[in-house]
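> using only what follows, build the 3D model:
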Amino acid sequence: MPPPAYEAALSRSTGSSTAAFLLHGIPVSRGIAIGRAHLLTPAALDVKHYLVPEEQVEAEVRRLQDAIAAVHRNLQELWTDLPKDAPTELGAFIDVHALILSDPLISEAPLDIIRARRYNAEWALVTQIDELSRQFDEIEDEYLRERKHDIEQVAERVLKVLTGTALSVPLVHDPDQPPPQMIVVAHDISPADMLAFRDRPGVPRSFIGFVTDVGGQNSHTAIVARSLDIPAVVGMSQASRLVEQDDWVIVDGDAGVVICNPSQLVLEQYRARQAAMTRARKRLLKLKKTPAITRDGTAITLLANIELPDDCPAALEAGANGVGLFRSEFLFMGRGAQSLRIPDEDEQFEQYRRAVLAMKGRPVTIRTLDVGADKPLDQAEHTALNPALGLRAIRYCLAEPQMFLTQLRAILRASCFGKVRILIPMLAHAFEIDQTLSMIEQAKAQLRDEGVKYDEGIEVGAMIEIPAAALALPLFVRRMDFLSIGTNDLIQYLLAIDRVDYEVAHLYNPLHPAVLQLIASTIATGHKAGLDVAVCGEMAGDVKLTRLLLGMGLREFSMHPAQLLAVKQEILNTDLAAVTTRTRRILRAMEPNEIATAVESLQAL
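The predicted structure follows:
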């Protein structure tokens, strides 16, 4: 939230003839953006509705087919034109949209509506999408809710072709003039459309932030925003209706606040904060080679979360001690026309080997395939009633033993090239641990029989992200070599919160007393058993929680490379003895306000 003076100043706006107002949403990508609003209006709102004469029905069918084909070509062009440094998620999202466009519910059902009801193409498509949306709303499932937005975005692209409209992106025509600062405001925006706003050589764009009515912490727009390091606020509900074209807009990606038509005073205050953030980022770069040691001499390990081997240079540039989480599922996604083909053993091995070599002797922890929920491998997974609680992660792998063995063999082969650890996601039962360890031994035996080398002492760890696992931790510490706490899912399951649903996102609270007690007890139990314990969820990269986690006893943090230096600075300024004493009192507290105030007071120690 901004200081009270900011909100008070809004009522005294003198910099615009339009009244100032403030909106609250979900902060998904940090930073401050200040610029003019650029509205993206859904084409579906403007479609015409009319009946086609009988003799023109097939021509109307062909018009819709041609539009669908044109969008297919456009998606393929977007895929082909992806720059080498584009976030890996963008390719995966383009693939998802191509698959949706090929689905008979999109590519064929509207044609049947044209033939049966003689609706014009736009009306037929919107009718079908509205029907699908109603079905999704009735299911009220986390994964399917997000796919509803994907379907709407794909339909939007087809409608733009049918209506002859195009994504309007201001270009900079005068290279001697600075680009205008543009804040995109939309009901929703697809990752594919976001590509239109990226910088291109010779044609600089001016996309510096965005605001959407829908979305949650882990919606596609949020993921892309964080990947591009662009300030963003989602789940604003009415922003696209309240904000007008060319309004001055401030996006506060830290507080989840959007200020429209701010006064000169507010603009100056936010510009000062923006400049201070830029200076702070430059200062952080000086800490790259500084060891992460608290003021009283305790060394802390800072690790990076990566999706692909190409992310390793950024991890090294940030000074990471290694990779604490290699999300291997990204090797199975974003594969263009091959997106449904699972990579074979040699292909996986080469990618794991690349990451191990790129980290130059530093450890690399590879998480085995974590698919399901919001990360499906094929259309069949769309049928699960509740994917977040269904066949996902280790459950999926144990149900597909040959696929799992292939991955395990590839990881084991890569272990000859450096320090590798295997991390198993979503374990909850002793038999799952035993079956997993048995399959690892089977993979080792196969390699031995073939004369293929691997690290005999490779460590195997468990992700603690199901409350049952945290509460029955002795089952794990007797069988595993290390633990990694996945706070994102742990909080979601513990609080029964759909973390991508903006309507309940305010209930997702890492400072809930049950969450804090479970994390603290997991760290303590793991250390007592002599196991390394890391946190690899979003909490690890949140500087407001760094001292709290240190006070709980955490000594290994794993996060996005962009967050690492800020966390290191917090560690360097921490008196561990003092925060440990204060944290014990926080863990005994139950009242939310008391906990929040106490955690904030840790920053003053």
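> off-centre distance for the lengthiest strand in the chain?
The longest strand of the chain (DSSP state E) is strand 32-40. Distance of strand 32-40 from its chain centroid, counting by C-alpha atoms, centre = their mean, to the nearest Å, is 22 Å.
> also stretch 354-368?
Counting by C-alpha atoms, centre = their mean, stretch 354-368 is centred 22 Å from the centre of its parent chain.
> quick one: average pLDDT of it?
On average, the pLDDT along stretch 354-368 is 97.
> name the residues of the longest strand of the chain that are buried.
For strand 32-40, the neighbour count (16 or more other C-beta atoms under 10 Å) marks 32-35, 37-40 as buried. The way it works is simple: take the backbone N, C-alpha and C, and place the C-beta from them, glycine included.
> do stretch 532-546 as well
For stretch 532-546, the neighbour count (16+ other C-beta under 10 Å) marks 532-542, 545-546 as buried.
> tell me which entries of these lie within strands.
Those of the buried residues of stretch 532-546 mapping onto strands are 532-535, per DSSP E.
> the residue nearest to Asn120 when sequence neighbours are not counted and Leu516: what is the separation?
Nearest residue to Asn120 in three dimensions, chain neighbours excluded: Tyr50, at 5.2 Å (C-beta to C-beta, 6 or more residues apart in numbering). Here Tyr50 is placed at a distance of 60 Å from Leu516 (C-beta to C-beta, to the nearest Å).
> when these two are compared, which one has more neighbours?
A side-by-side neighbour count of Tyr50 and Leu516, using other C-beta atoms under 10 Å, places Leu516 first with 22 against 9.
> tell me the secondary structure of that one, please.
helix (DSSP: H, G, I helix; E, B strand; the rest coil).
> so what's the residue count around the closest residue to it other than its chain neighbours?
Spatial nearest neighbour of Leu516, chain neighbours left out: Leu587 (5.9 Å); criterion: C-beta to C-beta, 6+ apart. Look at Leu587: counted by other C-beta under 10 Å, it has 17 neighbours.
> again, but for Pro104
Pro104 has 9 neighbouring residues, counting by other C-beta under 10 Å.
> again with Tyr352
The burial count assigned to Tyr352 is 26, neighbours taken as other C-beta under 10 Å.
> which ones are touching Lys544?
Applying C-beta atoms under 8 Å, 6 or more residues apart in numbering to Lys544 gives the contacts 599-600, 603.
> measure it to Gly553 for me?
Per C-beta to C-beta, Lys544 is found 18 Å from Gly553.
> among the contacts of Lys544, which one lies nearest to Pro343?
When the contacts of Lys544 are compared for distance to Pro343 (C-beta to C-beta), Val599 wins out at 42.6 Å.
> quick one: the closest residue in space to the closest one that isn't next to it in sequence from Asp449, how far?
Of all residues not flanking Val599 in the chain, Leu548 sits nearest, at 5.5 Å (C-beta to C-beta, 6+ apart). From Leu548 over to Asp449 the distance is 49 Å, taken as C-beta to C-beta.
> which elements pack onto the host helix or strand of Ala524?
In this assignment (DSSP states H and E), Ala524 forms part of helix 513-528. Packing partners of helix 513-528 (3 or more C-beta pairs under 8 Å, 6 or more residues apart in numbering; DSSP states H and E): helix 467-471, helix 474-477, strand 482-485, helix 487-495, strand 532-535, helix 546-552, helix 576-588.
> touching, Phe482 and Leu531? I think so.
Yes: using C-beta atoms under 8 Å, Phe482 is in contact with Leu531, at 5.4 Å.
> what comes up buried for the longest helix along the chain?
In the chain, taking DSSP state H as the definition, the longest helix is helix 57-80. Going by neighbour count (16+ other C-beta under 10 Å), the buried part of helix 57-80 is 57, 60-61, 63-64, 67-68, 71-72, 74-75, 78-79.
> can I get those in a markdown table including pLDDT?
Shown next, in a markdown table, are these (pLDDT from 0 to 100):
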| residue | pLDDT |
| --- | --- |
| Val57 | 94 |
| Glu60 | 94 |
| Val61 | 95 |
| Arg63 | 94 |
| Leu64 | 95 |
| Ala67 | 93 |
| Ile68 | 94 |
| Val71 | 91 |
| His72 | 91 |
| Asn74 | 86 |
| Leu75 | 87 |
| Leu78 | 80 |
| Trp79 | 81 |
